[in-house]
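1. Attaching a predicted model along with its sequence, questions to come.
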Amino acid sequence: MRDIEFKAIDPANGMWYHGYYIFTNGLHKIITDDGFVIVNPKTVCQFSGLFDKHRNKIFEDDIVEWNGERFICRFSNGCFDFVTEDGKPMANCFAMLSEIKENIHDKSTKNDR
């Protein structure tokens with residue numbers, strides 16, 4: 001069984017936080033070992049259960065690079081897959097051979113958070 005883990009950005013400081021995700025009292029939160037953080041719901045990303053070649057966890061919306069091409073990890077039709085920025089699917093899943101480069105939300109401006 002895989003970890004059910006999420007990450008999201010705290011709009012107050014722009015940092016990523018990892019943990020469990022909850023929505024309560026109109027607030028989106030990540031529960032961490034130290035308590036909870038209110039996060040931007042647009043940046044909530046679920047752990048895919050996959051790892052890159054460096055054993056880093058691959059989350060939804062992470063951008064991985066494999067064989068010179070960049071792919072975004074997406075959750076679609078009940079499973080995680082990888083697509084190019086224009087939506088072209090990865091022919092084979094080579095997540096273990098790829099390397100995480102960034103997340104699509106890393107480019108968010110503070111006003112977007």
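-> Okay, I see it.
2. Name the helix or strand of this structure that has the lowest mean pLDDT.
-> Ranking every helix and strand in the chain by mean pLDDT, DSSP states H and E puts strand 99-103 at the bottom, with a mean of 79.
3. Parallel or antiparallel, list what pairs with it.
-> strand 62-66 (antiparallel) (DSSP bridges).
4. which residue ranges form the strands in this protein?
-> Remark: strands assigned in the chain by DSSP state E are 6-9, 16-24, 27-32, 35-38, 45-51, 57-59, 62-66, 69-76, 79-83, 99-103.
5. on that earlier part again, what's in contact with the least confident helix or strand of the chain?
-> Contact with strand 99-103 is made by 16, 45, 52-54, 56, 58-59, 61-66, 70, as judged by C-beta atoms under 8 Å, 6 or more residues apart in numbering. (Each C-beta comes from the backbone N, C-alpha and C, glycine too.)
6. looking at the strands of the chain, which is buried most?
-> Most buried of the strands of the chain, by mean neighbour count (mean count of other C-beta atoms under 10 Å): strand 6-9, with a mean of 23.
7. partners of that strand, with directions?
-> By DSSP bridges, strand 6-9 pairs with strand 16-24 (antiparallel), strand 45-51 (antiparallel).
8. Relative to Val39, which of those strands is closest?
-> In terms of C-beta to C-beta, the element of these nearest to Val39 is strand 16-24, at 6.6 Å.
9. ok, back up a step: need the worst-confidence member of the contacts of strand 99-103.
-> When the contacts of strand 99-103 are sorted by pLDDT, the bottom entry is Trp66 at 80.
10. From Phe82, how far off is it?
-> 8 Å (C-beta to C-beta, to the nearest Å).
11. what's the neighbour count on the nearest residue to Glu69 once chain neighbours are set aside?
-> Nearest residue to Glu69, sequence neighbours excluded (C-beta to C-beta, 6 or more residues apart in numbering): Thr84, at 6.9 Å. Using other C-beta atoms under 10 Å, Thr84 has 12 other residues around it.
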